[in-house]
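I would like the atomic coordinates for the input below:
(2 chains)
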Amino acid sequence: MENTTNELKTEKKSLGIKDKVMDVFSRYSMVIILIVLLIAFQVMTGGIFWRPLNITNLVLQNSHILILAAGMLLVVLLGHVDLSVGSVMAFVGAVAGLMMVNNKMNPWVTVAVCLVLGAVIGAWQGFWVAYVGIPAFIVTLAGLLMFRGLTQVVLGGQSLAPFPTVFQKISTGYLPDFVGGEHIHYLTMLLGAILAVVLIIGQWRTRQHHKENLFEVESMFAFTLKAVFTALVIIGVTYIFAAYSGYPIILVNLGVIVAAYGFLTNKTVAGRQIYATGGNRKAAELSGIKTKKITFWVFVNMGAMAALAGLVLAARLNAATPQAGTSLELDAMAAVYFGGASTSGGIGTILGAIVGGLVMGVLNNGMSIMGVGVDWQQAIKGLILLLAVVLDVYNKKKKIA
Amino acid sequence: MADYILEMKNIIKEFSGVRALDNVNLQIERGEIHGLCGENGAGKSTLMNVLSGLYPYGTYDGDIIYNGDTCQFKNLRDSEDKGIVIIHQELALSPYLSVKENIFLGNEQAKHGVIDWDITEKKTVNLLKTVGLHVSPNTLVSQIGVGQQQLVEIAKAFSRSVKLLILDEPTAALNEEESANLLDLIREFKKQGITSIIISHKLNEIVNVADRITIIRDGRTIETLNQGEISEDRIIRGMVGRELTNRFPDHHPNIGEIHFEVKDWVVHHPIDSSKVVDQIDEMNIRKGEIVGIAGLMGAGRTEFAMSVFGHSYGSNISGHVYKDGQEISVKDVATAIDNGLAYVSEDRKAVGLNLLMDIRENTSIASLNKISHHGIIDKDEEIRSAEKFRDKMSTKASSINQNVGSLSGGNQQKVVLSKWLMTEPDILFLDEPTRGIDVGAKYEIYTLIEEMAASGKSICIISSELPEIIGMCDRIYTMNNGRFTGEVLRKDATQERLMSLMTMEGKRVLA
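From the prediction side, this is the model:
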């Protein structure tokens, strides 16, 4: 034991340039894979990939998976899985169709009712997992069958369409441009610049604050590097969106969700208790954490997020279909594991999950542009998923050994 | 010249630049029982892993000479084929396989891939007789106790015709009686010509059983003691490199009013709710007092403490808990913590710590409400608290951001104590507070406990080590079969007296 401690210390001391590069690589391996993919596809698609239209489409097509991945992260942090989310998406979409298409109900009322419905479904599954102790795999496998079946019952095997325009805007709308630029969406550019500045100032203030309190801080060089990188990425991506139609509304929503989950997992008691429960349930219980309650609410949250993803998907397809969301639960879980989460719980971050989701989305999109058939796309995706996680595990092992 | 079965010469083993073993020499005479002593991290286990081939030939420098031949073990199998078997602290048995299946695991009595169960069973019966274990070969390993599992491991070693048996902390999880049996067994093996190496922190056992003792400190061989030179003090001096005149800190009790009381406490088994596990009529701790609960394993000590700590164990719990004369609720852990209780568990890795988290997060996990506003954690406050307790406990770590999984046992225990002190408890239950911790760190933990008592907290120590109980406690309850069998004051406490009360049936006797 003490040997390991000593090793860690000496290792830290003797960090050369090469070690530093390796350290960055192992810590940000998924981000690096994403960047490599982004560059590779740009080359392989002859420049089509990074066109504003395509990047915008990339976001629109993957937003529902990213929403699912955010909810799924918490479930995975507890060491559970939720197999039912794809079916719950379809079921909620069907109910939305029933309310808005058949009964002409107000879209906002419908959205509210659907989110509550999702939460109730989550509560139903959370009850069995948390308080009765049935493994989540079984409870949600049952959910997968039940809610797919109920979707068919609600829709009667038919698709329901079309949805009101307001509702469709959730997935296909863009921010309005008050200034009225011709080739460039000014409001978007402005928002992007504000976002970059706010993020960097925030980071700076945290750093100063930590310094004042004599906490450890990263070197000025590392900080500047990070700040410049952040600014470039945000402004660059914003420019690409602005060159098409501006920020999609769904991207703004996603941003809010990511920020909220980042806050929840990093700064709140509830977030810490989720990590503690997933890392060692018994120890968490003996520390006074109500692990059953935590588990229950994480499933309620997952239900609501699945409902939101279902609405987003329905709005984009402009239809409630019986097969909507099939096997998306696997995509969501893949995104989370891809992003460095542990299958046994306790490890994982929201940024990791989002990057994981983006890697999947980029793979789909890039290969489609290249004209790779769906058959090969699946095979390649599977292989890359395995390799990426192997690389991640390998890096972590090397760090420990 | 003596007849050595094993000589390890100038062994050097490095881990990424750090020398774990630095020119270690070990000589084992044929047919002896050899003790290997050293603090945690001194290099004992590393040395044994080199010997067994877990660290294969080529990853270390130096020579292993076994039975006169220089050996180059590439894996465990190589060393086992030569009759060298290590039994690790963490037993490597498969819980849902039977005793006989476990004994012949990896060594199945098979012809053409088909197992001959008759031969397996016959051999198992013989092996079990050798090690003195009276269970059916078909019992599942999960159904027998840790002590018996240890014997199964030894039987397994015998099935491979062991010549050199290495036991790493063999009695760590055993109670006194089981330990004594095991040590007798090792003496018995000696008569049959088997050489043993025992690694243990329980110095009294080593002193009793070993013919010679080698002491390792900081990856170096310090000395080898022969029969006449062996004593506990001598070993401790070698292990810590200085005279440890007193194994326990000075005791200056400042005992006040009755602070904490449990009355008519009855706990039932969590699954079989008709079976009474604990029945305690009265138990109390005064302010600033250290009270011990002495009992053999299975006496119901841990169960009692956990049931009081927020009903974390048992079902159908009834009885009353008082603090300063007022009845308090302990219906769940959060309430118990709010009412000033803390429980440091006996198994810090399994239930005391979250090994995925760092020192900071482990320290704050039971007091998040103290450092948060409206559910948002004040991270500055959290860092400050973690730093404060790291200083107070002098926890050795590179920073509070170090994962607790990479800390030594003693430092992990300090993190657990930090976590509970941060909740500002009035009453602390410490269950086996120094299990698996080396001598130097033990003394530090004892000092911390004395400080807690001196600051007016009420402490209850549960321990299987009688010297620890006698050295630390003002008053001792003895326990057997879920009941208190006696109450002994510090001045009257002797190992013999406690042991006789601990093994006594029936109601409590006042001493």
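
mind listing what residue 261 touches?
Reading this off chain A. Listed by Cβ atoms under 8 Å, 6 or more residues apart in numbering or on different chains, the contact set of A:Tyr261 reads A:70, A:73, A:350. Quick note: C-beta positions are derived from backbone N, CA and C, even for glycine.

actually, chain B is the one I wanted.
B:282-285, B:320-323.

report the buried members of those residues.
The neighbour count (16 or more other Cβ atoms under 10 Å in any protein chain shown) marks B:283-285, B:321, B:323 as buried among these.

could I get these in JSON lines, plus columns for pLDDT and secondary structure?
Listed next are those as JSON lines, based on pLDDT from 0 to 100; DSSP: H, G, I helix; E, B strand; the rest coil:
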{"residue": "B:Met283", "pLDDT": "95", "secondary structure": "strand"}
{"residue": "B:Asn284", "pLDDT": "95", "secondary structure": "strand"}
{"residue": "B:Ile285", "pLDDT": "96", "secondary structure": "strand"}
{"residue": "B:Val321", "pLDDT": "96", "secondary structure": "strand"}
{"residue": "B:Lys323", "pLDDT": "95", "secondary structure": "strand"}
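
might you list the low-confidence residue ranges for the chain?
Assuming you mean chain A. Scanning chain A for pLDDT under 70 picks out the ranges A:1-16, A:179-182, A:392, A:395-401.

let me rephrase: I mean chain B.
For chain B (pLDDT under 70), the answer is B:1, B:16-18, B:40-41, B:242-246, B:505-511.

how about the residues of the stretch 351-500 of chain B by chain A?
B:351-357, B:361, B:364-366, B:368-369, B:372, B:375-377, B:379-380, B:383-384, B:396-399, B:401-402, B:406-409, B:411, B:419 (Cβ under 8 Å from any Cβ of the partner chain).

picking up where we left off before, can you lay out the contacts of A:Tyr261 as JSON lines showing neighbour count, secondary structure and distance to chain B?
As requested, the contacts of A:Tyr261 are arranged in JSON lines below (neighbours: other Cβ atoms under 10 Å in any protein chain shown; DSSP: H, G, I helix; E, B strand; the rest coil; distance: Cβ to the nearest Cβ, whole Å):
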{"residue": "A:Ala70", "neighbour count": "29", "secondary structure": "helix", "distance to chain B": "19"}
{"residue": "A:Leu73", "neighbour count": "29", "secondary structure": "helix", "distance to chain B": "15"}
{"residue": "A:Ile350", "neighbour count": "24", "secondary structure": "helix", "distance to chain B": "16"}
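
and those as CSV, adding distance to B:Glu188?
Below are those laid out as CSV (distance: Cβ to Cβ, whole Å):
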residue, distance to B:Glu188
A:Ala70, 63
A:Leu73, 57
A:Ile350, 60
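
and the strands in the stretch 151-300 of chain B, which stretches?
For the stretch 151-300 of chain B, the strands defined by DSSP state E, counting those that start in this stretch cover B:164-168, B:195-199, B:212-217, B:220-225, B:258-268, B:276-286, B:290-295.

surely B:Ala453 is in a helix?
Yes: when classified by DSSP: H, G, I helix; E, B strand; the rest coil, B:Ala453 is found to be part of a helix.

now do the contacts for B:Ile293.
Counting by Cβ under 8 Å, 6+ apart, B:Ile293 has contacts B:301, B:304-305, B:460-463, B:476-479.

any idea how far B:Lys414 is from it?
Counting by Cβ to Cβ, to the nearest Å, the gap between B:Ile293 and B:Lys414 amounts to 23 Å.

please report how far A:Val166 lies from chain B.
Per Cβ to the nearest Cβ, to the nearest Å, A:Val166 is found 34 Å from chain B.

and the residue nearest to that residue when sequence neighbours are not counted, what does it touch?
Leaving aside its sequence neighbours, A:Val166 sits nearest to A:Pro107 (Cβ to Cβ, 6 or more residues apart in numbering or on different chains; 5.1 Å). Contacts here follow Cβ under 8 Å, 6+ apart; on that basis A:Pro107 touches A:100, A:163-164, A:166-167.

same question for B:Lys349.
Neighbours of B:Lys349 in contact, by Cβ under 8 Å, 6+ apart: B:355, B:412.

host element of the residue nearest to B:Lys263 when sequence neighbours are not counted?
Using Cβ to Cβ, 6+ apart and skipping residues adjacent in sequence, the residue nearest B:Lys263 is B:His320, 4.7 Å away. In this structure, B:His320 sits in strand B:315-323 according to DSSP states H and E.

in a strand, that's where B:Leu355 is, yeah?
No: read with three-state DSSP, B:Leu355 is coil and lies in no strand.

how about it, what does it touch?
Taking Cβ under 8 Å, 6+ apart as the test, what B:Leu355 contacts is A:279-280, B:349, B:403-405.

same deal with A:Leu187?
A:175-179, A:246.

and what of A:Ala332?
Taking Cβ under 8 Å, 6+ apart as the test, what A:Ala332 contacts is A:65, A:68-69, A:71-72, A:85, A:357.

for stretch A:342-361, which residues meet the burial criterion?
A:342, A:345-361.

which non-adjacent residue is nearest B:Thr130?
B:Phe158 (5.9 Å).

wait, the one you found touches B:Val131, no?
Yes: here B:Phe158 reaches B:Val131: they are 7.0 Å apart, a contact under Cβ atoms under 8 Å.

which stretches of the stretch 51-200 of chain A form helices?
For the stretch 51-200 of chain A, applying DSSP state H, counting those that start in this stretch gives helices covering A:52-77, A:85-97, A:107-126, A:136-155, A:165-172, A:186-212.

try the stretch 1-150 of chain B
Under DSSP H, counting those that start in this stretch, the stretch 1-150 of chain B gives helices at B:44-52, B:76-81, B:99-103, B:117-131, B:146-159.

deepest of the ones you listed, which one?
Highest mean neighbour count of these: helix B:99-103, a mean of 24 (counted as mean count of other Cβ atoms under 10 Å in any protein chain shown).

against which helices or strands is it packed?
Under the contact definition 3 or more Cβ pairs under 8 Å, 6 or more residues apart in numbering or on different chains; DSSP states H and E, helix B:99-103 sits against helix B:117-131, helix B:146-159.

would you mind naming the residues that bridge with the nearest residue in space to B:Ile222 that is not next to it in sequence?
Leaving aside its chain neighbours, B:Ile222 sits nearest to B:Ile215 (4.4 Å; criterion: Cβ to Cβ, 6+ apart). Note on B:Ile215: beta-bridge partners by DSSP bridges are B:Cys37, B:Glu223.

what number of residues lie near B:Ile215?
If you count neighbours by other Cβ atoms under 10 Å in any protein chain shown, B:Ile215 ends up with 24.

just checking, it touches B:Glu39?
No: using Cβ under 8 Å, B:Ile215 is not in contact with B:Glu39, being 9.9 Å away.

what touches both of the two?
B:Met239.

which residues touch the residue nearest to B:Thr130?
B:127, B:130-131.

next: B:Tyr313.
B:Tyr313 neighbours (Cβ under 8 Å, 6+ apart): B:267, B:270, B:302-303, B:306-307.

and the stretch 201-350 of chain A, which residues reach chain B?
So far as Cβ under 8 Å from any Cβ goes, the stretch 201-350 of chain A lies against chain B at A:209, A:213, A:215-216, A:267-270, A:272-273, A:275-276, A:279-280, A:282-290, A:342, A:346-347.

just the buried ones from those residues, in PyMOL syntax?
Entered in PyMOL, the line below selects the buried ones among those, by 16+ other Cβ under 10 Å:
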select buried, chain A and resi 215+267+268+269+270+272+273+275+276+279+280+282+283+284+285+286+287+288+289+290+342+346+347
